[in-house]
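Student: next comes the sequence, and after it the predicted model I'd like to discuss.
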Amino acid sequence: MSKTTLVPIYVDAKNQVLSAANGVDYAYRSTGGATDATPLVAMQHFRGNLDNWDPALIDALARGRRVITFDNRGVAASSGTTPSTIAQMALDAIDFIDALEVGAVDLLGFSIGSFVAQEIALVRPSIVRKVVLASSAPQGASGMHGWAAPVIAAVGRPETSPEAYLSVFFTSSEAGGAAGRAALGRIFGARTVDRDAATSWQTRLAQYDAVCAWGQPNHALLERVSALDKPVFVANGDSDPMILPRYSHLLAGLLPEARLKIYADAAHGFLFQHHAEFAADVDAFLVDA
């Protein structure tokens, strides 16, 4: 295990490597000062890497705690091959969390990362204190088998573009467009050196296979998620074309201890558009006894 360096600003966070018991070398970054707060482990969206987090969001979250972002097995700079099931992604994430040697953690899962977070909390509840699920859906929900054709065409092709990213992550309103351009500037322009490796086509294929399997209708799996008895904050944008907000409503209704918030005039990237508000809401949730 490498020595962890804590920094207050995400764009200054060093790329570090943590070798886990499963043989994977995980690329990760650690942001925030030393506090008594439970560390927050953040899990990224479809095809995302360490640099696809909005640094403004991570900085805001890290004011009161240590925030750890990482590439799961086979993603970007981490070693290995990306698995094609959420179940295996969760086991790989558990190995990373175990290797951190920090005890129980809070989880923030975004998009496919939120599926992984649900699975971690179900199969290894002892390492989870609280869970934040952004742009999320429960496994087995009807209508979730893959994404709408325009969405996967925008984010699933070999070469994507800023315009395609904007069309899925932000609304077409004046406010949504302005927020999207500002977020793109922070995500792709704030850190100019020592950026993470790009995700591979193998990762894209494996992750989308996992998404499609997660979305196969199965009412028994909807009952399974009700066993997640940790405090959960479910959040989404009101215009998310990738994971429709009705699935966040469904998920929150199935969980025994869930809070739900839908952010106005926002799409899949609502947490980047409303980074200050979302970070404040997450902080309030995490510090609430």
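Tutor: Noted; the coordinates are in hand. Residues are numbered from 1 along each chain as shown.
Student: from L40, how far off is M144?
Tutor: Counting by CB to CB, to the nearest Å, the separation of M144 from L40 is 26 Å. The way it works is simple: take the backbone N, C-alpha and C, and place the C-beta from them, glycine included.
Student: also S19?
Tutor: Taking CB to CB as the measure, S19 falls 22 Å from L40.
Student: what's in contact with stretch 275-289?
Tutor: Residues from elsewhere that reach stretch 275-289 (CB atoms under 8 Å, 6 or more residues apart in numbering): 37-38, 40, 54, 56-57, 60-61, 63-65, 106, 108, 130, 132, 134, 183, 231, 233, 235, 259, 261, 263, 270-271.
Student: that one - what's its average pLDDT?
Tutor: The predicted model assigns stretch 275-289 a mean pLDDT of 95.
Student: same check on stretch 232-249?
Tutor: Stretch 232-249 shows a mean pLDDT of 98.
Student: what sits against the residue nearest to T35 when sequence neighbours are not counted?
Tutor: Nearest residue to T35, sequence neighbours excluded (CB to CB, 6 or more residues apart in numbering): R65, at 5.8 Å. Neighbour list for R65: 32, 35, 37-40, 106, 286 [criterion: CB under 8 Å, 6+ apart].
Student: same check on Y10?
Tutor: Listed by CB under 8 Å, 6+ apart, the contact partners of Y10 are 29, 31, 53, 55, 58-59, 62, 67, 191.
Student: can you rerun that using 7 Å?
Tutor: Y10 makes contacts with 31, 55, 58-59, as judged by CB atoms under 7 Å, 6 or more residues apart in numbering.
Student: now those residues in JSON lines, with pLDDT and secondary structure?
Tutor: Output for these, formatted as JSON lines (pLDDT from 0 to 100; DSSP: H, G, I helix; E, B strand; the rest coil):
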{"residue": "T31", "pLDDT": "95", "secondary structure": "strand"}
{"residue": "P55", "pLDDT": "97", "secondary structure": "helix"}
{"residue": "I58", "pLDDT": "98", "secondary structure": "helix"}
{"residue": "D59", "pLDDT": "97", "secondary structure": "helix"}
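Student: among the residues you listed, who's most crowded?
Tutor: Within those, neighbour counts (other CB atoms under 10 Å) peak at T31, which reaches 27 neighbours.
Student: quick one on the thing from earlier: now flag whichever of the contacts of Y10 is closest to S114.
Tutor: The closest of the contacts of Y10 to S114 turns out to be I58 (CB to CB; 16.7 Å).
Student: for the closest one, which non-adjacent residue is closest in space?
Tutor: Distances taken as CB to CB, 6+ apart put Y10 closest to I58, at 4.1 Å, once the chain neighbours are dropped.
Student: if we can go back for a sec, mind checking which of S19 and L40 has more residues around it?
Tutor: L40 (26 against 13).
Student: if I look at the more buried one, how far off is S30?
Tutor: 11 Å.
Student: kindly report the same for G176.
Tutor: Taken as CB to CB, the span from G176 to S30 is 32 Å.
Student: residue boundaries of the strands in the stretch 1-150 of the chain?
Tutor: Taking DSSP state E, counting those that start in this stretch, the strands of the stretch 1-150 of the chain run over residues 16-19, 25-31, 40-43, 67-70, 105-110, 128-134.
Student: let's have those in TSV, adding distance to W214.
Tutor: Below are these laid out as TSV (distance: least, CB to CB, whole Å):
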stretch	distance to W214
strand 16-19	27
strand 25-31	22
strand 40-43	14
strand 67-70	21
strand 105-110	12
strand 128-134	13
